[in-house]
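[1] Pasting a predicted model and its sequence here:
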Amino acid sequence: MSYTYDERKLIEALVYVASALVSDPAGGAVKVNKALYYADFGHMRAYRKPITGAEYQKLPHGPAPRRLVPVRERLVEVGDVELRTETYLGRTMHRLVPRREPNIDLFSASEEELLAQAVEAVRHRSGNEVSDASHAEPGWQMVGEKETIPYETAFIRRSVVTEAVQQRISELAAARQ
């Protein structure tokens with residue numbers, strides 16, 4: 001399956017999530033990345049299509065959009081957000097602080113609902129807790145580091161991951177590279 005990537009939606013989803021987590025003491029990049037992942041894959045699961053269509057890759061702290069860094073850098077460059085380095089509970093984190101409101105007109109009601117649910121899923125947890133939880137996701141488990149996590153993994157329940165399923169996921173991941 002192929003999904004259309006909409007960078008405008010990724011930009012606005014990033015601003016939306018960062019805005020919602022700006023007052024969260026642990027609302028750094030790890031939680032923002034996971035909220036975006038949960039929103040896109042949750043929307044895929046519920047509505048058969050992701051919100052942004054962004055490719056997500058496996059990173060040591062969990063899934064993250066492949067285009068996140070260039071998008072974030074552009075937002076910083078144009079002054080829409082500020083990237084701050086902060087310390088929380090003795091750990092360094094990178095907090096994205098929006099300087100404008102997100103354009104939610106780009107999102108359908110279901111997309112906005114999934115974004116809000118994803119933020120709530122990470123809000124009262126530490127970055128480590130959110131990262132550890134994302135490591136239980138079948139898609140994250142089935143691909144190698146820096147490989148693309150196929151959206152189809154949104155439909156896999158943890159209890160049905162067999163060797164055949166693992167092989168098919170590896171094939172889908174390789175095809176997306």
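    It's in. Numbers count the residues shown, from 1 in each chain.

[2] low pLDDT regions in the chain?
    By pLDDT under 70, the weakly predicted segments of the chain are 1-2, 158-166, 177.

[3] mind listing the strands for it?
    56-59, 62-65, 81-88, 91-98, 148-149 (DSSP state E).

[4] I'd say I156 and E137 touch.
    No: applying C-beta atoms under 8 Å as the test, I156 and E137 come out as separate, 9.0 Å apart. The way it works is simple: take the backbone N, C-alpha and C, and place the C-beta from them, glycine included.

[5] so can I have TSV of the strands of the chain showing distance to E171?
    Listed next are the strands of the chain as TSV, based on distance: least, C-beta to C-beta, whole Å:
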stretch	distance to E171
strand 56-59	16
strand 62-65	19
strand 81-88	37
strand 91-98	34
strand 148-149	12
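
[6] For the protein, just list every one of the helices.
    With helices called from DSSP state H, the chain shows them at 7-21, 29-47, 68-78, 109-123, 127-134, 138-142, 163-175.

[7] Let me have those helices in a markdown table, adding distance to E101 and mean neighbour count as columns.
    Supplementary listing: these in a markdown table, determined by distance: least, C-beta to C-beta, whole Å; neighbours: other C-beta atoms under 10 Å:
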| stretch | distance to E101 | mean neighbour count |
| --- | --- | --- |
| helix 7-21 | 7 | 22 |
| helix 29-47 | 16 | 23 |
| helix 68-78 | 13 | 14 |
| helix 109-123 | 13 | 19 |
| helix 127-134 | 24 | 18 |
| helix 138-142 | 31 | 20 |
| helix 163-175 | 36 | 14 |
